[in-house]
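sequence and predicted model, in that order:
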Amino acid sequence: MGGILLYGVVMSFEPAAATALKQSPEEMHEGAVDDRIESEPAERKEPKTDAKGLKALQTALLQNNLLSYLRAIGRIPLLDREGEAELADLLMDGKCLVLEAMNEGKWLNRFCRDFIQGLEKDEFLPDRLISNRELREDARLHARAKFKALAVWTLEHTPDINKKNMGAERMAYLSEMVDHYRSHIHAEHFWAYLMRSYAIAVRIRGSKARPLRPEVKTRADRINPIPQRARVRARRLYRRGIARMDEGKNGLVLSNLRLVVAIAKRYSKRAMSLLDLVQEGNMGLMKASEKFDHRRGHKFSTYATWWIRQSITRSIADDGRTIRVPVHLLDAWQRLRRAEGVLQSQTGEFPTNQELSEETGLDTKLIRRIRKLVQPVMSLDAPVGDDDATVMDLVGDPECVDPQKPVLHQDLHRALSRVLASLTERESKIIRMRFGLGERRTYTLEEVGSCFNLTRERIRQIEVAALRKIAGSQRGESTLLSVYMEA
């Protein structure tokens, strides 16, 4: 099955996707991928179900997903400077509309004022949820200070909105405010959010929070007496602003998806697949679209490159290894590798830890720790050679006691006790001495005969008779004894 899918993927490898994989990062970003192809029917082969075929199947599925993605982004046209500026203006207009909706009727200022008064009167704090008085007082003072600062901030930064005259610093404040309050445009939601945050801060008991839900809604309506007309207008402005913001961000992101692939190719030989790297880079691209300000004179692709690289490198550091290594230690490891290359080119020999410490300024203990952490991880189930042996077989502890042996010894002891109980006292003693059962050593026929004042031949006859008695009367026990002796 793996051979069929892999062959089909190879036969359907379109020139557009192949060109995209072979292009340099600059060529991939500047040029569009042509997705026209004339496909020919592929000849099917016999399916294979071995391990190599399964691995080929997984590789084929990843390749197929990547090719489909490359074909899709190849149809999206690139942006010029004018189109980029239009989308950035659209994004800015949306943020301004959201801020205007928040400032509609000055409800945010009234909300802050009423909430501060409620804190001073101890009116809105859920006393029934809080068991520690000091925590309640600290939370009240902290919330009061925060809302006073918020009220002053909103009065200073939201008088009249004029997006054309807004500078870079004003836009930074605008973006911060929109991002922070966009989910709290409705007073009910805002109040519920504050109640949850405050309750978590003082470690409430979850079972006591349920009866307060109606009270929370009633108090939220009371502290937010905004006219219905202003509330409807604010919601309309908010929705229009969010729609424009989404349109602007989507346009910037879609037109630069090929840039992400170009950058991800540089890290394709790391521990993560190219498809995963592209996904992480797309997350950085979306974050860049939210922070971009075209009035600074930069192209969006130039600005987004740094966010994409940061997202990819951070993902490799977090998810690229089976055992995660902290980012600061990975940075130190990169410094060590660069220092090793410099010293090795100068001296022609591999540098010692002391030399690396003098070159990088890192402690020798830290260098040894870093070398230990960055060693490759090997699976214990990894096959070794052509047989069925694994790494587990090679690293097993030879001194480890087999857990079956103690159980087998217990069964043997019980079986011997039952077998010897079926003999006479003299026969049991002779068998014990001859085989060393319960004795320090085994005894010869002459030594046993001297103990019983019998001849060597007579002791041999008694031993043979006892063994025949054991074999005839206790076949199950004798079978266990024979199995143990063979083992």
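Great, that's in hand.

next, the buried residues of the longest helix seen in the chain.
The helix that spans the most residues within the chain, counting by DSSP state H, is helix 228-254. When burial is assessed from 16 or more other CB atoms under 10 Å, helix 228-254 yields the following buried residues: 231, 234, 237-238, 240-242, 244-245, 248-249, 251-253. C-beta: built from backbone N, CA, C; applies to glycine.

mind putting the residues you listed in a markdown table, distance to Leu90 and pLDDT included?
Written out in a markdown table, the entries for these read as follows (distance: CB to CB, whole Å; pLDDT from 0 to 100):
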| residue | distance to Leu90 | pLDDT |
| --- | --- | --- |
| Arg231 | 26 | 73 |
| Ala234 | 21 | 79 |
| Leu237 | 15 | 83 |
| Tyr238 | 16 | 83 |
| Arg240 | 12 | 87 |
| Gly241 | 11 | 86 |
| Ile242 | 12 | 88 |
| Arg244 | 5 | 88 |
| Met245 | 8 | 88 |
| Gly248 | 4 | 88 |
| Lys249 | 9 | 89 |
| Gly251 | 8 | 89 |
| Leu252 | 10 | 90 |
| Val253 | 13 | 91 |
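
helix, strand or coil for Glu355?
Using DSSP: H, G, I helix; E, B strand; the rest coil, the structure places Glu355 in helix.

before we move on, back to that, can you list the buried residues of helix 228-254 in TSV and add distance to Leu445?
Rendered in TSV, the data for those read as follows (distance: CB to CB, whole Å):
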residue	distance to Leu445
Arg231	111
Ala234	111
Leu237	112
Tyr238	106
Arg240	110
Gly241	107
Ile242	103
Arg244	108
Met245	103
Gly248	104
Lys249	99
Gly251	103
Leu252	100
Val253	96
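
the closest residue to Ser379 other than its chain neighbours: neighbouring residues, count only.
The shortest distance from Ser379 to any residue that is not its chain neighbour, by CB to CB, 6 or more residues apart in numbering, is 6.9 Å, and that residue is Val391. Val391 has 14 neighbours, counted by other CB atoms under 10 Å.

was I right about Val391 contacting Leu380?
Yes: in this structure, Val391 is within contact of Leu380 by CB atoms under 8 Å, at 5.1 Å.

what sits in contact with each of these two?
Counting by CB atoms under 8 Å, 6 or more residues apart in numbering, Val391 and Leu380 have no contacts in common.

helices of the stretch 351-487 of the chain, start to end?
If you assign secondary structure with DSSP state H, counting those that start in this stretch, the helices in the stretch 351-487 of the chain sit at 353-360, 364-373, 391-394, 404-421, 425-435, 445-452, 456-473, 475-486.

so which of those helices is nearest Arg321?
Using CB to CB as the measure, helix 364-373 is the one of these that comes nearest Arg321, at 9.2 Å.

so who does the nearest residue to Gly248 once chain neighbours are set aside touch?
Distance criterion CB to CB, 6+ apart; nearest residue to Gly248, sequence neighbours excluded, is Leu91 at 3.2 Å. The neighbourhood of Leu91, defined by CB under 8 Å, 6+ apart, consists of 244-245, 248-249, 252, 289, 292.

swap the cut-off to 10 Å and go again
In this structure, Leu91 makes contact with 175, 244-252, 289-290, 292-294, judged by CB atoms under 10 Å, 6 or more residues apart in numbering.

likewise Phe300?
For Phe300, the residues meeting the contact criterion (CB under 10 Å, 6+ apart) are 79, 81, 84-85, 87-88, 252-253, 255-256, 259, 285, 288-289, 292, 294.

Ala339 now?
Ala339 makes contact with 351, 355-362, 367 under the criterion CB under 10 Å, 6+ apart.

adding distance to Gly436 and pLDDT, write the residues you listed out as CSV.
As requested, the contacts of Ala339 are exported to CSV (distance: CB to CB, whole Å; pLDDT from 0 to 100):
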residue, distance to Gly436, pLDDT
Pro351, 63, 88
Glu355, 64, 87
Leu356, 63, 88
Ser357, 63, 89
Glu358, 67, 87
Glu359, 68, 86
Thr360, 67, 87
Gly361, 69, 87
Leu362, 64, 87
Ile367, 59, 89
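
now, among those residues, which is nearest to Ile430?
Ile367 (70.9 Å).

test my guess that that closest one contacts Val374.
No: if you go by CB atoms under 10 Å, Ile367 and Val374 don't touch, sitting 11.0 Å apart.

out of those two, which sits in the busier spot?
When Ile367 and Val374 are compared for neighbours, Ile367 comes out ahead with 20 against 15, by other CB under 10 Å.

state the distance from that one to Thr360.
From Ile367 over to Thr360 the distance is 8 Å, taken as CB to CB, to the nearest Å.

now do the shared contacts for Ile367 and Val374.
Taking CB under 10 Å, 6+ apart as the contact rule, Ile367 and Val374 both touch 332-333, 336.

if you rank these by neighbours, which is first?
Per-residue neighbour counts (other CB under 10 Å) across the shared contacts of Ile367 and Val374 peak at Leu336, which has 22 neighbours.

can you tell me the average pLDDT over the strand or helix carrying it?
If you go by DSSP states H and E, Leu336 is part of helix 327-347. The average pLDDT for helix 327-347 rounds to 86.

what do you get for stretch 447-457?
Across stretch 447-457, pLDDT averages out at 88.

got the contact list for it?
The set of residues that contact stretch 447-457 without belonging to it, under CB under 10 Å, 6+ apart, is 426, 429-434, 441-446, 458-463.

just the buried residues out of those residues, in ChimeraX syntax.
Selecting in ChimeraX just the buried members of these, where the criterion is 16+ other CB under 10 Å, is done with this command:
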select :429,430,431,432,433,434,443,445,459,460,462,463
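
let's see the helix holding Leu336 as CSV, backbone CA atoms only.
Coordinates of each C-alpha in helix 327-347 appear next as CSV, following Å, rounded to 0.1, in the frame of the first residue of the first chain:
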residue,chain,number,x,y,z
VAL,A,327,16.2,27.9,25.1
HIS,A,328,19.0,29.7,27.0
LEU,A,329,21.1,26.4,27.0
LEU,A,330,20.5,26.0,23.3
ASP,A,331,21.8,29.5,22.7
ALA,A,332,24.9,28.7,24.8
TRP,A,333,25.3,25.5,22.7
GLN,A,334,25.3,27.6,19.5
ARG,A,335,28.0,29.8,21.0
LEU,A,336,30.1,26.7,21.9
ARG,A,337,29.8,25.4,18.4
ARG,A,338,30.9,28.6,16.9
ALA,A,339,33.8,28.8,19.3
GLU,A,340,34.8,25.2,18.5
GLY,A,341,34.9,26.0,14.8
VAL,A,342,37.1,29.0,15.4
LEU,A,343,39.6,27.3,17.7
GLN,A,344,39.7,24.2,15.6
SER,A,345,40.6,26.2,12.5
GLN,A,346,43.3,28.0,14.4
THR,A,347,45.0,25.1,16.2
